[in-house]
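# Could you look at this predicted model? Sequence included:
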Amino acid sequence: MNVAGRIMVVIGGGNGIGRQVVLELLRRGAKVAAVDVREDALDETRGLAQAGDRLATFTFDITDRDAVNALPDQVTAVLGEPDALINVAGIIQPFVRITDLDDDAIARVLDINLHGTLNTVRAFVPRLQQRPEAYVANVSSMGGFLPVPGQAVYGASKAAVKLLTEALYAELLDTSVGVSIVFPGAVSTDITANSGVASPVDPDDETASKYPTTSAEDAARIIVDGIEAERFQIFVGKDARTMDLLNRLMPRRSTHMIQRKMKDLLSV
C-alpha cells in the first residue's frame, strides 16, 4: 500500500514509536488521525508535525469499547473514510515475577495491549472492508514470541496480539484489506514512564549501554516501509530478527540466553 494520499489511523500517536509513525506517514504524504489517551501528548505530536489539516488528533481511551466504536465516524467526519489502522499503543508491566504482580497491574496490561487492540480492530475493520484497498498493522513485540523474565503478562498480551493478527490476516485473505504484524525489539522510547513503571536500569549507569536499541525514528521508518511493501511480518531491529530465528530453531537455548541477559532486571 502506497501511503501517500491515504487516511491512516494511528493508535498511540502521542508518544514513542506511535508519534514517530505519525510523523513518518505525514512525511510520505498521508493524512493521519492520531489517537491517544493523553491530549497533551497529542498536542506535542501536532507541534512537531506542523502538517496543517493533514493531521487530526483524537483523545480516546481504547479500553472503552463504546467510545472506540464511535471513533471511525469521527475520523470520517474530519478527514474522510479511513484507509488503514495502525495499532501501536501499549504498556509494559512492573519488572517483577508473575507471582509478585498484583491484579490491577495484570488487568491494566491486558486491557490496553489486548482488549484495546481488539476494540479498535472490531470498530475499524468493517469500514476498511468497504475500501478498494485498506490495511491493518498491529504492533506485537519481540516479547510476544520470546519470554522475558519480569514481563510475563506483558509478553502474554503481546503473544495474544500476535495470534489475533495472524488470524485476522487469514480471515481477510479474500478481501481488500492487507494485514501486518510488527515485532519491535529494544526501541529507545519512554515506555517505562508512559506505563507508570519504574525503570529497572539506571540511565546514568554505564552498563546500561550494553542493551543496544533502535531509535523510535528508525522503528517508524521500518514499520511504514513494511506496510508499503505489505510484509506479513515486520521485524524492528536486528535483535528482533535474530531472536526470532534463534527461538524457532532452538527455543530452549534462546530462553536461557534471554534469561541470562535480563535476570539482573529482577530483584532477588
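Received the coordinates, thanks.

# From now on I want contacts and neighbour counts done on CA atoms only, so please keep to that.
OK.

# What helices and strands are in contact with the longest strand seen in the chain?
Counting by DSSP state E, the longest strand found in the chain is strand 177-184. If you count contacts as 3 or more Cα pairs under 8 Å, 6 or more residues apart in numbering; DSSP states H and E, strand 177-184 packs onto strand 134-139, helix 152-171, helix 216-228, strand 233-236.

# Give the next helix or strand downstream of it.
strand 187-188 (DSSP states H and E).

# low-scoring pLDDT stretches of the protein, where are they?
Along the chain, segments meeting pLDDT under 70 span 192-211, 266-268.

# Mind jotting down where the strands sit in it?
Going by DSSP E, the chain shows strands at 7-11, 31-36, 55-59, 84-87, 134-139, 177-184, 187-188, 214-215, 233-236.

# Would you enumerate the residues in contact with the residue nearest to the spatial centre of the chain?
Nearest to the geometric centre of the chain sits residue 88, at 2.6 Å (Cα atoms, centre = their mean). Counting by Cα atoms under 8 Å, 6 or more residues apart in numbering, residue 88 touches 10, 11, 12, 13, 17, 18, 138, 139.

# from the helices and strands packed on strand 177-184, which stretch is densest packed?
strand 134-139 (a mean of 25; mean count of other Cα atoms under 10 Å).

# Could you export that one as CSV, CA atoms only?
Provided in CSV are the C-alpha atoms of strand 134-139 (Å, rounded to 0.1, in the frame of the first residue of the first chain):
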residue,chain,number,x,y,z
ALA,A,134,-7.0,-1.0,3.0
TYR,A,135,-4.6,-2.1,5.7
VAL,A,136,-4.3,-3.1,9.4
ALA,A,137,-0.9,-3.3,11.2
ASN,A,138,-0.8,-4.4,14.8
VAL,A,139,2.3,-4.0,16.9
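
# Just checking: what are the partner strands of it?
Strand pairing for strand 134-139, using DSSP bridges, gives strand 84-87 (parallel), strand 177-184 (parallel).

# How far off centre is that strand?
10 Å (Cα atoms, centre = their mean, to the nearest Å).

# tilt between it and strand 7-11?
20 degrees (axes from the mean of the first three to the mean of the last three Cα atoms, to 10 degrees).

# the inter-axis angle of strand 134-139 versus helix 152-171?
Note on geometry: by the same axes, to 10 degrees, strand 134-139 and helix 152-171 are set 160 degrees apart in direction.

# Other residues contacting strand 134-139?
Counting contacts by Cα under 8 Å, 6+ apart, the residues outside strand 134-139 that touch it are 1, 83-89, 117, 125, 128, 161-162, 165, 176-184, 227.

# Select only the buried ones of the residues you listed in ChimeraX?
Buried members of the contacts of strand 134-139, defined by 16 or more other Cα atoms under 10 Å, are picked up in ChimeraX with:
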select :1,83,84,85,86,87,88,89,117,125,128,161,162,165,177,178,179,180,181,182,183,184,227
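
# Pretty sure residue 95 sits against residue 153.
No: judged on Cα atoms under 8 Å, residue 95 makes no contact with residue 153 at a distance of 10.4 Å.

# Next, count neighbours for residue 249.
11 (other Cα atoms under 10 Å).

# That one and residue 255: what is the separation?
According to Cα to Cα, to the nearest Å, residue 249 and residue 255 sit 12 Å apart.

# Likewise for residue 8?
Look at residue 8 and residue 255: by Cα to Cα, they are 37 Å apart.

# Just want to know which of the two has more residues nearby.
Neighbours per residue (other Cα under 10 Å) separate residue 8 from residue 255, with residue 8 holding more: 28 against 17.

# Report the beta-bridge partner residues of that one.
Residues in beta-bridge contact with residue 8 (DSSP bridges): residue 32, residue 84.

# Output the strands paired with strand 134-139 in JSON lines, with distance to residue 44 appended to each entry.
Below are the strands paired with strand 134-139 laid out as JSON lines (distance: least, Cα to Cα, whole Å):
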{"stretch": "strand 84-87", "distance to residue 44": "19"}
{"stretch": "strand 177-184", "distance to residue 44": "23"}
